[in-house]
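Q: return atomic coordinates for the entry below.
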Amino acid sequence: MTLSGNQKRKMKSAARLYAVQALYQMEQTGQTVDQVRVEFLDFRFGEAFDDYDMIEGDVALFTQLIGDAVNHQARIDQMTDRALVATWPLGRIDSTLRALFRAAGAELTEGTTPPKVVITEFVDVARAFFADGREPRFVNAVLDHMAREAKPEAF
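A: Numbering: from 1, shown residues only. Next up, the predicted model:
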């Protein structure tokens, strides 16, 4: 079965959302990247509930994001800290946002996706977690700063 461009985009978007959830779960539970990867691939991707089904995610992108986020966490966290206002160090922000910045930072520093696409995608992820808050605008500002540091040639 050949996937359409739209289906591929949805799967990549889902992989980004799942990566944030996986990184959050790792921080909360102390699970390893391998443990959480197996759990997500076996039980979360495409999971069916009574009232909705979870979309299948792009396995390669999901695996890359969580692996790169863990392997390059110190560098990504330092880049995130520089993007945050001095009074809001990374340790003081919400765990979900921290996971989001790590996943986005992994894609910005290690991936080939254009930075503006990464920013748009992860702002959409922020909207999924924080529908009524100011967080999506905050995420946009922080990721813009991180992207300009990681890939200045793209701007």
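
Q: going forward, measure contacts between C-alpha atoms and count neighbours the same way
A: OK.

Q: give me the pLDDT for Ile76.
A: Here, the pLDDT recorded for Ile76 equals 97.

Q: pretty sure it is touching Ala104, no?
A: No: if you go by Cα atoms under 8 Å, Ile76 and Ala104 don't touch, sitting 9.0 Å apart.

Q: neighbour count winner among these two?
A: Neighbours were counted for Ile76 and for Ala104 using other Cα atoms under 10 Å; Ala104 has more, 28 against 24.

Q: report pLDDT for the more buried one.
A: 98.

Q: please, which helix or strand holds it?
A: Following DSSP states H and E, one finds Ala104 within helix 95-110.

Q: list the buried ones in the helix or strand just after that helix?
A: Of the helices and strands lying after helix 95-110 in sequence (DSSP H and E), the nearest is helix 115-129. Buried residues in helix 115-129, counted by 16 or more other Cα atoms under 10 Å: 115, 118-127.

Q: which element is the closest residue to Gly105 other than its chain neighbours on?
A: Using Cα to Cα, 6 or more residues apart in numbering and skipping the chain neighbours, the partner closest in space to Gly105 is Ile76 (5.6 Å). Here Ile76 sits within helix 73-83, counting by DSSP H and E.

Q: how about Leu3?
A: Leu3 belongs to no helix or strand, assigned by DSSP H and E.
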